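1. Based on what follows, work out the 3D shape:
(one chain, ligands or ions: 2)
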Amino acid sequence: MSGHVAVLGAGSWGTAFAKVLADAGNEVTIWSRREQVAATIRSTGTNPDYLPGLRLPANVTATADAGKAVSGAWLVVLAVPSQTLRGNLAEWTGFLAPDATLVSLMKGIELGTTKRMSQVIVETAGVAADRVVVVSGPNLAPEIAAGQPAATVVACTDTDRATLVQNAVTTSYFRPYTNGDVIGTELGGAVKNVIALAYGIATAMRLGDNTKATLITRGLAETARLGVALGADPLTFAGLAGLGDLVATCTSPLSRNRTFGEHLGRGETLEQAQVATRQTAEGSRAAWPSVTWPGPTGWRCRSPSRSSGSATRASTPGWR
Ligand SMILES: NC(=O)c1ccc[n+]([C@@H]2O[C@H](COP(=O)([O-])OP(=O)(O)OC[C@H]3O[C@@H](n4cnc5c(N)ncnc54)[C@H](O)[C@@H]3O)[C@@H](O)[C@H]2O)c1
Ligand SMILES: O=P(O)(O)OC[C@H](O)CO
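-> Ligands and ions are numbered 1, 2, ... in the order given. So this is what the prediction gives:
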């Protein structure tokens, strides 16, 4: 495909993914919410707030004007926090080319609707589901920015479109695998964030490897059961978007979700953990949906408590 591609969101993953796209030969425009970040990327080829040390290739530019970024782009990559996607996309939809492919990098579930990101995109942009591609896998942005070898899953209900995106993001260090299971690919990426919080808590509490192996194994089993109930292919959870991402996120000190959990495990409050983690830890939003996260009104609870649910018994059929 010719023409330029847009990456909307200049955080860690948006910036690292822009490098992947550029290294794969695309002309890339990053949209940043803050003009100062866009100006720094344009003038220095760096984004020091998010990925210090990364030098972006010359075929990456940046703007704070979403219309300019998206106009004429055949591929539009969405890399904003999951809870802001609906609002952001509502503002951008009018700029989208009629046949543009929309790529979701987000790993979250929308609070209030419990929709996956691809569902939010279909609803908000008014596009057919087969125009939406999900990219998810063990993809810690700083490692990919450093050119360390990694693989990912490119999922779409339209096999040809998945292959198109696969080709657009293949580099010597980034190996995408296609998959038709959008539901499983998205759920693997969203649910592992919550398990990584628990893993971080366990790590800070100096719990042992038996505990942590149990969290990963039982966490994966729960994810797979949830996924199957929601229409996913169980095999997806044995792959990069399931086990692969779960292991990377739980075990890496680079993970914001694990780090957030470690702060909690040391006895800090949600607010202290958020301030220390700084970047988007999607699992915290999912694990504490009743909390209103920092904003003009500060910290408070929307509702007194949520249902505790019933504990999963050891006799539950399925993976053990
Ligand atoms: N960082 C990673 O290693 C990684 C890897 C794979 C997937 N992801 C997923 O990618 C998504 C984005 O994460 P990230 O790591 O780039 O986060 P980040 O915290 O590094 O960056 C988020 C970006 O969104 C912007 N932003 C914040 N609020 C906004 C709003 N209201 N409107 C528009 N933009 C806003 C921020 O300014 C920033 O540029 C998340 O769903 C995350 O789970 C991240
Ligand atoms: O830093 P985290 O915890 O958001 O994890 C980043 C990626 O999702 C790992 O694949």
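2. Show me where the stretch 101-250 of the chain has its strands.
-> All strands of the stretch 101-250 of the chain, identified by DSSP state E, counting those that start in this stretch, fall at 101-104, 132-136, 150-155, 174-179.
3. Please report phi then psi for T61.
-> When read as degrees, to the nearest 10, the backbone of T61 gives phi -130, psi 180.
4. any weak-confidence spans in the stretch 201-320 of the chain?
-> Low-confidence segments of the stretch 201-320 of the chain (pLDDT under 70): 294-320.
5. Get me the contact residues on it for ligand 2.
-> Where the stretch 201-320 of the chain comes near ligand 2, counting by CB under 6 Å from any ligand atom, the residues are D245, A248, T249, S255, R256, N257. (C-beta placed from N, C-alpha, C; glycine too.)
6. Tabulate those (CSV), appending distance to ligand 1.
-> CSV is the format used below for those (distance: CB to the nearest ligand atom, whole Å):
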residue, distance to ligand 1
D245, 8
A248, 9
T249, 9
S255, 8
R256, 7
N257, 8
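7. Report the two of these separated the most.
-> D245 and R256 (13.6 Å; CB to CB).
8. more crowded one of the two?
-> Taking other CB atoms under 10 Å, D245 and R256 do not tie; D245 has more neighbours (28 against 23).
9. Show the contacting residues for the more buried one.
-> D245 makes contacts with S136, G137, P138, N139, G188, G189, K192, as judged by CB atoms under 8 Å, 6 or more residues apart in numbering.
10. and those residues, which are buried?
-> Among the contacts of D245, those buried by neighbour count (16 or more other CB atoms under 10 Å) are S136, G137, P138, N139, G188, G189, K192.
11. Now flag whichever of these is closest to S290.
-> For the buried ones among the contacts of D245, the nearest to S290 is K192 (21.8 Å; CB to CB).
12. Run a quick check on that closest one versus T223, I expect a contact.
-> Yes. Judged on CB atoms under 8 Å, K192 makes contact with T223 at a distance of 7.1 Å.
13. I'd like the distance between L254 and L246.
-> According to CB to CB, to the nearest Å, L254 and L246 sit 15 Å apart.
14. Compare those two and say which is more crowded by neighbours.
-> The neighbour comparison of L254 against L246 (other CB under 10 Å) goes to L246, with 26 against 14.
15. Roughly how far does the more buried one sit from V135?
-> Taking CB to CB, one finds L246 at 17 Å from V135.
16. Repeat that for S284.
-> Taken as CB to CB, the span from S284 to V135 is 22 Å.
17. Neighbour count: those two, which is higher?
-> Neighbour comparison, S284 and V135: the larger count goes to V135, with 28 against 23 (by other CB under 10 Å).
18. looking at it, that one is touching A150, isn't it?
-> No. V135 is beyond contact range of A150, at 11.6 Å (criterion: CB under 8 Å).
19. Which other helices and strands does the longest helix along the chain contact?
-> Scanning the chain for the helix with the most residues, using DSSP state H, yields helix 182-204. For helix 182-204, the packing partners by 3 or more CB pairs under 8 Å, 6 or more residues apart in numbering; DSSP states H and E come out as helix 117-125, strand 132-136, strand 150-155, helix 209-229, helix 245-251, helix 256-265, helix 282-287.
20. any idea which of those is most buried?
-> Most buried of the helices and strands packed on helix 182-204, by mean neighbour count (mean count of other CB atoms under 10 Å): strand 132-136, with a mean of 28.
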